[in-house]
Each structure stands twice: as C-alpha cells, then as structure tokens.
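K.L.:
Let's see this in three dimensions:
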Amino acid sequence: MKILAYTTRSMGGFFGNNVITHFDFLREYSNDIDLLTSLKGTKDADHLIKLGFGNINLIKDYAELYHSKYAKWEDWMKIYDDLDVSRFKDYDLLVMVGNICSPTQGVTCASERHKGKFPMSTGTSWISSAMPTLLLLVLLKAHNTYGIPLHEEALDPDELSYMYFDKRITPDPENSFAYHGYDKPSHTLHGLDNYIWHFKNKNITNIEKEVDFVFGYTYKKNIRTSYIEDLEVFISTIQDKEIYKKELGNKKAENTILSREEYMKRIRVGRFTYILPSYYNEFFSGYRLIESLAYDCLPIIQKDCNISDVQKYFDFDFSRLILTELPTKEERIELLKELKSKVFDRELNLLIDVEIPVKEDDFDEW
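P.N.:
Below you'll find the model as predicted:
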C-alpha cells in the first residue's frame, strides 16, 4: 500500500510523542510511508523509524516551491490550481495528523470568518501557517484529483478541520474520514479506533498501582473555573493523590505539568484519574479515556462532560463514572473490566480495510 502522510505538528518536543502515536496504526498496512515535510533535516523520519517504521521517504520539494514561487502569490486558490500532484496518482491512502489551529490569530473551527472559506480567507504571506497550509493543500488536491481516501486525525478541539475549508476544495464526504480525540456529536466524527490500535499493540503488562488518584490539567483565567472547583471538592478527601497543573498564559503561575511521556508513567501507577470538559464543554476527551483505560486507571467524569456521543459509540453508560467519591476496590475492578471490554475488545473500525478497493495487481500486498 502506498501512503502519503503529513503532520502540522512537531514530532519532537513536549507533545511529540502524542503526535507520533497517531501514525502507529499505519504499520498495519505498510512499513514504509512517504512524508511531506518542510524541515531541512531528517528528524521526522528518525522519530517514525524509532516507532517501528522501516523506511520514511521525505518529500521536501513542495516546501522549497513555496519559498521560490508561491510566497509571492496572493491567491491560495491559484496556488491550489497550480499544484502538480500527478506523482501521487497511484497512491492508496492519504493521512493528515493535526490540522491548522491558531487561536491567537482567530483561525479555529469556531471562527465564522474562516468557516467554508479557508485558506482563501487569509493571505499567502501569513508566515506562521503558510507552509503547513500549502502542504495540507497538496494532500487535499491529491484526494480531489485522484479520489484517494483521505484520513484526517484532528488533535485539538480548536482545529480548523478540512470540512471547514473553502467549499470549492473540501474533501468528498464519502471518501474522507475525520477522527477527533475530542468527541463532538455535531461533527459526526469517527471514534479514535486508530488510537486504540496503538495501545492494544503496546502489549501493556505488569501494571502495579502505587497511588489512588493521578490527574494533570491546564486552565486559563476565568475559564473552566466551575469545573476545577468541582475537581477540588472531589479530591479534597483523597489523601493519596498526585495533581499536576499549569495556568496557560501566566508565566508566573505555578507549573507542575509533566511531559506526556512522564504523565503516562504516573497514569500507569494510578488507580483513578479524572476527565474534565475541554475548553469547549461540548467536546469529550477520547484521549483521556483511552489512555487511562490502557493502564488500568479508571477515569472519573466531571458531571458537565458531554457523554452523549461516546456512550453510543462504545455502548456503555458513562454516567456510571460521574461520581462524588472514589469507588471501592471491588467496584473499580468491575467497572474497569466492563469498560475495557467495550473499548478494547470490540472489532476496530479503522475504515481503511473497507474503504479501499483491492486491485488485482496489488493483491500480493494485501
């Protein structure tokens, strides 16, 4: 299977490991992938090879084309029309991890200015996101031109999904699939079965618990205040706990947040954790749910979380996890066993298997 992928996010740094996990399921279909990149070195390829991929072919010439040609153009539609994606005609799958997201510049899924208009609603010299926008358009044009299935993995609830791009270039809804770690019913987005695949294939064993409650979170001034008050009331009677937090936008505030890798180590030894509503309370964090269950850490859900869609997807009554105190040892074991079965023991619907037709000349690859 020939796969072309791109991510707007860094594969290194604080959130790098989270980005990389969203590529992991592709190893089910191919050990080699082509990766669009604007980096001069091979860092992205190195990260994926460490994950277990065999060969990563870095495609850098579109980024070079931006600097030599497109940066001087003033119309994204003309750039889209001019892009030559003929080399991808015979590809089987397009994968994008992390779309455009710039809250400080007002480019989010909540922006009426950009909905149905992006990127034509911005200038081509918009430095911070011009390059990612160009590479996203490469994937989008390959999809629209050759009908190659497009899989979009959104990492943040603020992201301006492909579905919000200019209506002239939005992907075919019958042949494109959006996964979102923050579930929102009105998006009609698929569950993160590819993320579940990652944890199922880690073969996690020998989990030993050391602490009753582990939770880390970020917050903004005057945002999430009532939710955090509920959290503080909930944990006030828990003696054995670890809390990690960071106030966004306030460099003077206490910052005890851990890297994702270190936080997962603490979730592994915790018996319980917590799920707050995201900054948009209509979203529910599928990430938190999947990660905690993978390490036998039962999530307690804050009462204002929107659980309507996730309940339907996993066929489980999540209101059973909206609690005012920690369950007993026996209750925890029972809830974990039942919920893990609903999440991890079901047949995963990665969509790739059923949506890509098998060609006779490709049969050996399948």
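K.L.:
Pull up the distance across stretch 215-232, start to finish.
P.N.:
Start-to-end span of stretch 215-232 (CA to CA, to the nearest Å) is 11 Å.
K.L.:
In that stretch, which residues are buried?
P.N.:
Using 16 or more other CB atoms under 10 Å as the test for burial, stretch 215-232 gives Phe215, Gly216, Tyr217, Tyr219, Arg224, Tyr227, Asp230, Leu231. All C-beta spots, glycine's among them, are computed from the backbone N, C-alpha and C.
K.L.:
Rebuild the residues you listed as CSV, extending it with pLDDT and distance to Leu140.
P.N.:
Formatted as CSV, the buried residues of stretch 215-232 follow (pLDDT from 0 to 100; distance: CB to CB, whole Å):
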residue, pLDDT, distance to Leu140
Phe215, 97, 38
Gly216, 95, 35
Tyr217, 91, 34
Tyr219, 82, 35
Arg224, 73, 34
Tyr227, 85, 36
Asp230, 91, 41
Leu231, 93, 40
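K.L.:
Neighbours of Ile49, how many?
P.N.:
For Ile49, the count of nearby residues is 13 (other CB atoms under 10 Å).
K.L.:
In JSON lines, list the buried residues of stretch 215-232 along with secondary structure and distance to Ala110.
P.N.:
Formatted as JSON lines, the buried residues of stretch 215-232 follow (DSSP: H, G, I helix; E, B strand; the rest coil; distance: CB to CB, whole Å):
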{"residue": "Phe215", "secondary structure": "strand", "distance to Ala110": "27"}
{"residue": "Gly216", "secondary structure": "strand", "distance to Ala110": "25"}
{"residue": "Tyr217", "secondary structure": "strand", "distance to Ala110": "21"}
{"residue": "Tyr219", "secondary structure": "strand", "distance to Ala110": "19"}
{"residue": "Arg224", "secondary structure": "coil", "distance to Ala110": "16"}
{"residue": "Tyr227", "secondary structure": "helix", "distance to Ala110": "19"}
{"residue": "Asp230", "secondary structure": "helix", "distance to Ala110": "24"}
{"residue": "Leu231", "secondary structure": "helix", "distance to Ala110": "25"}
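K.L.:
Pull out the buried residues from stretch 108-124.
P.N.:
Thr108, Cys109, Ser111, His114, Lys115, Lys117, Phe118, Pro119, Met120, Thr122, Thr124.
K.L.:
Report the distance from it to the chain centre.
P.N.:
Centroid separation between stretch 108-124 and its chain, computed with CA atoms, centre = their mean, to the nearest Å, is 21 Å.
K.L.:
and what of stretch 87-104?
P.N.:
Computed by CA atoms, centre = their mean, the chain-centroid distance of stretch 87-104 equals 13 Å.
K.L.:
Would you tell me what the next helix or strand after the helix or strand where Leu139 lies is?
P.N.:
Element membership of Leu139 [criterion: DSSP states H and E] is helix 127-146. On the C-terminal side of helix 127-146, the nearest following helix or strand under DSSP H and E is strand 150-154.
K.L.:
picking up where we left off before, so what secondary structure elements neighbour the helix holding Leu139?
P.N.:
Counting contacts by 3 or more CB pairs under 8 Å, 6 or more residues apart in numbering; DSSP states H and E, helix 127-146 packs against strand 3-7, strand 32-36, helix 61-68, helix 76-82, strand 93-97, strand 150-154.
K.L.:
Nearest to Ser341 among the buried residues of stretch 108-124?
P.N.:
Ser341 lies nearest to Cys109 out of these, by CB to CB, at 33.1 Å.
K.L.:
Tell me if that closest one really is in a strand.
P.N.:
No: in this structure, Cys109 is coil, not part of a strand, as judged by DSSP: H, G, I helix; E, B strand; the rest coil.
K.L.:
Tell me how many other residues surround Gly16.
P.N.:
Gly16 has 18 nearby residues by other CB under 10 Å.
K.L.:
try Glu174
P.N.:
9.
K.L.:
Roughly how far does it sit from Val85?
P.N.:
Counting by CB to CB, to the nearest Å, the gap from Glu174 to Val85 is 20 Å.
K.L.:
Kindly report the same for Lys69.
P.N.:
15 Å.
K.L.:
now swap in Gly106 and tell me
P.N.:
Going from Gly106 to Val85 by CB to CB gives 29 Å.
K.L.:
Look at these two and report which has more neighbours.
P.N.:
Val85 (20 against 12).
K.L.:
quick one: contacts for the more buried one?
P.N.:
For Val85, the contact set (CB atoms under 8 Å, 6 or more residues apart in numbering) comprises Val138, Lys141, Ala142, Thr145, Tyr146.
K.L.:
among these, which ones are buried?
P.N.:
Neighbour counting over the contacts of Val85 (16+ other CB under 10 Å) leaves Val138, Lys141, Ala142 as the buried ones.
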